[in-house]
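# let me see the structure of the following:
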Amino acid sequence: MIENVPGLTSIVDYFVNISSQSESNHLFNTLGVKSHGTITFNYTQSNKANYIRIPPDTSAIDVKDYLIQRCCNKRPSLVISMTGSTKEYNMKSKLFRIFRKGLLKVVQTTDVWIITDGINTSITKLIGEIIRTNPDSSRPIHLIGIATWGYISGVDQLDVHGTNVHYAKPRNVQKDEASLEPNHTEFIFIDDGTRSKYGGEIEFRTRFEKAIAGESFSSENTTIHRRHSSQDWSANDSVPAVLLVIEGCLETIKTVHETIIQNNIPVVLLEGTGGCCDLFSKAYHLYNEYYNKTSISDQTTAESDFSSEQKDQIKNKLREKLKICNNEMNQIISNENVETNYFELIYECIETRKILLNIINFNAHSLVELDMDLAILQALLNATSGNDSSKTTIEQKREQLYLALEWNRIDIVKNFIMKDDRDWKLVDLNDLFEMALVRNQISFVQLFLDHDFSLVDFFENHDKLVTLYKNEVCSLSIPNVYTSKFAFVEF
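Residues are numbered from 1 along each chain as shown. Just a heads-up that it's a prediction; the model follows:
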């Protein structure tokens with residue numbers, strides 16, 4: 001093995017260091033990096049957050065490519081984007097415990113990126129506190145903040161090139177500024193030239209999340225490739241992504257609309273947290289109620305069978321009901337001077353992409369035991385099962401199995417995907433079994449064998465066994481040295 005050859009390791013290190021310098025310069029030119037470095041915080045001396053400062057028109061795909069290489073040289077299995085109101089938000093203690101338990105369960109079983117706005121207020125502060133209490137230090141959580149450079153309090157101290165910065169929160173934070181949340185592991189600062197103005201990062205963040213998810217739930221992109229390691233990736237690989245919304249304001253309605261309609265990414269809204277979530281929830285439940293009543297009275301079974309008149313009736317009833325139920329919506333609908341028709345945004349999401357909307361009842365009085373982690377993962381499973389009418393049930397189950405393998409969640413396979421023994425006979429499991437075998441996912445291998453997966457057929461081609469052994473030996477013997485354009489670069 002290479003590490004046993006005298007002097008060879010130091011030679012490799014020498015050339016890696018030389019390559020690192022040239023690759024670093026190439027990277028910063030590619031991304032248009034204005035500043036970069038590492039941040040340490042007063043409260044969390046052990047945590048270091050890498051950061052880059054880039055223009056708003058930087059290629060989102062290049063940033064994705066860079067982060068995948070930077071984050072332990074592996075792509076995530078899931079991306080959770082967090083959003084909500086920027087004002088202070090206090091979650092009730094019982095709800096917080098349930099939310100914390102569910103979020104930590106997701107990140108402890110799956111390689112997750114969590115994306116926030118990076119500032120130490122409201123929902124982001126809540127998420128940071130949860131991540132800080134992660135009990136499993138062997139599985140680091142990547143908490144990535146995407147923020148507007150000029151909105152950050154004391155940001156001038158971060159205007160460096162490759163050095164470590166001790167970020168000190170200013171004693172007097174200006175009204176139109178915010179300090180950084182100290183539990184993040186990476187920051188991407190978008191410098192749009194503004195000062196003391198929130199929101200300059202939103203357009204880039206939308207593009208970035210689109211670049212991550214791709215067309216995650218279209219048939220051509222969820223085809224299972226022969227990619228058995230999360231280190232085997234390309235810039236075109238899509239990663240399952242979901243938007244998780246807590247409370248939220250009117251601007252959050254726009255975010256939900258863009259996520260669903262433009263990016264084709266599923267959304268999970270916590271009903272009972274107020275604001276945008278409760279508004280969407282009310283509209284969603286009323287729409288289903290009116291739809292079901294119309295179906296029964298007119299004996300129509302599919303929404304596509306509804307006439308234009310029937311659809312208009314449902315829409316008008318929903319609009320009027322929301323005006324009565326929600327005072328803020330009443331003011332918006334009644335005010336002709338409001339530029340954005342928020343009702344139309346909500347209605348388009350429900351009417352055209354209902355499968356991507358997932359409402360979780362988060363009211364304290366109705367909670368018995370809520371599995372937040374299952375709700376998040378099921379949102380992605382729902383998206384694969386209903387967003388592409390060209391896919392057969394077998395194709396959908398195969399894609400869902402792939403996701404469950406990525407997340408290492410055998411419970412989801414047993415309880416939600418392969419509930420019928422006949423499913424195991426219909427789905428082609430060869431690639432999935434090989435993936436589980438190479439990744440050493442013993443419980444999945446055992447599950448396949450328990451359902452009569454044929455090893456004789458799998459190893460019918462004797463070369464397969466030899467190839468598996470060769471690949472395993474190579475992965476153990478060769479150092480993990482990459483030649484990607486971003487391979488040797490550090491923030």
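
# need the helices for the stretch 351-491 of the chain, in chain order.
According to DSSP state H, counting those that start in this stretch, the stretch 351-491 of the chain carries its helices in the segments 372-386, 393-407, 410-412, 421-426, 430-438, 442-450, 455-458, 462-477.

# beta partners of the residue positioned nearest the centre of the chain?
Among the residues of the chain, the one closest to the centroid is residue 79, at 2.1 Å (C-alpha atoms, centre = their mean). Per DSSP bridges, the residues bridged to residue 79 are residue 113, residue 241.

# out of the helices of the stretch 351-491 of the chain, nearest to residue 197?
Ranking the helices of the stretch 351-491 of the chain by proximity to residue 197 (C-beta to C-beta) places helix 372-386 first, at 31.9 Å. In short, each C-beta sits where N, CA and C put it, glycine included.

# next one: the closest one to chain centre, how far?
When C-alpha coordinates are averaged (C-alpha atoms, centre = their mean, to the nearest Å), helix 372-386 and its chain have centres 12 Å apart.

# contact partners of it?
78, 80, 98-99, 101-103, 105-106, 109, 216-217, 222, 240, 242, 244, 266-268, 355-356, 358, 360, 396, 399-400, 403, 407, 409, 412, 416-417 (C-beta atoms under 8 Å, 6 or more residues apart in numbering).

# what residues sit buried inside it?
372-385 (16 or more other C-beta atoms under 10 Å).

# and for stretch 193-209?
Buried residues in stretch 193-209 (16+ other C-beta under 10 Å): 198, 200-202, 204-209.

# any idea which helix or strand carries residue 50?
Per DSSP states H and E, residue 50 falls inside strand 48-54.

# just checking, what packs against that strand?
strand 35-41, strand 186-190 (3 or more C-beta pairs under 8 Å, 6 or more residues apart in numbering; DSSP states H and E).

# pull out the buried positions in that strand.
49-54.

# paired strands for it, with orientation please.
Strand 48-54 is paired, per DSSP bridges, with strand 35-41 (antiparallel), strand 186-190 (parallel).

# that strand: what's the following helix or strand?
Next along the chain from strand 48-54, counting by DSSP H and E, comes helix 60-70.

# pull the distance from that next one to the chain's centre.
That offset, for helix 60-70, works out to 15 Å (C-alpha atoms, centre = their mean).

# what about that helix, average pLDDT?
Averaged over helix 60-70, pLDDT sits at 87.

# what angle do that helix and strand 186-190 make?
Counting by axes from the mean of the first three to the mean of the last three C-alpha atoms, to 10 degrees, helix 60-70 points 160 degrees away from the direction of strand 186-190.

# which strands or helices does helix 60-70 pack on?
Packed next to helix 60-70, using 3+ C-beta pairs under 8 Å, 6+ apart, are helix 8-31, strand 186-190, helix 202-213.

# cutoff 6 Å now
Other helices and strands packing on helix 60-70, by 3 or more C-beta pairs under 6 Å, 6 or more residues apart in numbering; DSSP states H and E, are helix 202-213.

# kindly export the helix it packs on (C-alpha atoms) in PDB.
Only the C-alpha atoms of helix 202-213 are listed here, as PDB (Å, rounded to 0.1, in the frame of the first residue of the first chain):
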ATOM      1  CA  ILE A 202     -32.900  35.300  -2.600                       C
ATOM      2  CA  GLU A 203     -32.500  35.100  -6.400                       C
ATOM      3  CA  PHE A 204     -29.200  33.200  -6.100                       C
ATOM      4  CA  ARG A 205     -30.500  30.900  -3.400                       C
ATOM      5  CA  THR A 206     -33.400  30.000  -5.700                       C
ATOM      6  CA  ARG A 207     -31.000  29.200  -8.500                       C
ATOM      7  CA  PHE A 208     -28.700  27.300  -6.200                       C
ATOM      8  CA  GLU A 209     -31.500  25.100  -4.900                       C
ATOM      9  CA  LYS A 210     -32.600  24.500  -8.500                       C
ATOM     10  CA  ALA A 211     -29.100  23.400  -9.300                       C
ATOM     11  CA  ILE A 212     -29.000  21.000  -6.400                       C
ATOM     12  CA  ALA A 213     -32.400  19.400  -7.100                       C
END
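
# can you pull out the low-pLDDT segments for the stretch 251-400 of the chain?
296-304, 329-330, 332-337, 364-370, 386-391 (pLDDT under 70).

# can you rerun that using 80?
When residues are selected by pLDDT under 80, those of the stretch 251-400 of the chain lie in 295-306, 325-339, 363-371, 385-392.

# give me the neighbour count for the closest residue to residue 249 other than its chain neighbours.
Leaving out its chain neighbours, the residue that sits closest to residue 249 by C-beta to C-beta, 6 or more residues apart in numbering is residue 85, at 4.9 Å. The local packing of residue 85 (other C-beta atoms under 10 Å) involves 22 other residues.

# which ones are touching residue 85?
For residue 85, the contact set (C-beta atoms under 6 Å, 6 or more residues apart in numbering) comprises 122, 247-249, 275.

# just the closest of those residues to residue 342, please.
residue 249 (10.6 Å).

# where in the stretch 1-150 of the chain is pLDDT low?
For the stretch 1-150 of the chain, the ranges with pLDDT under 80 are 1-28, 42-46, 69-74, 86-88, 135-140.

# from residue 29, how far out is the residue nearest to residue 193 when sequence neighbours are not counted?
Nearest non-adjacent residue to residue 193, counting by C-beta to C-beta, 6+ apart: residue 150, 7.3 Å away. Distance, residue 150 to residue 29, by C-beta to C-beta, to the nearest Å: 23 Å.

# higher neighbour count, the two?
Counted by other C-beta under 10 Å, residue 150 and residue 29 do not tie: residue 150 has more neighbours, with 19 against 9.

# which SS state does that one fall under?
What DSSP: H, G, I helix; E, B strand; the rest coil gives for residue 150 is helix.

# I'd say it and residue 194 touch.
Yes: the pair residue 150 / residue 194 is scored as a contact, 4.8 Å apart, by C-beta atoms under 6 Å.

# can you give me the buried ones in whichever strand or helix holds residue 124?
Per DSSP H and E: residue 124 is located in helix 122-132. For helix 122-132, burial by neighbour count (16+ other C-beta under 10 Å) applies to 122-128, 130-131.
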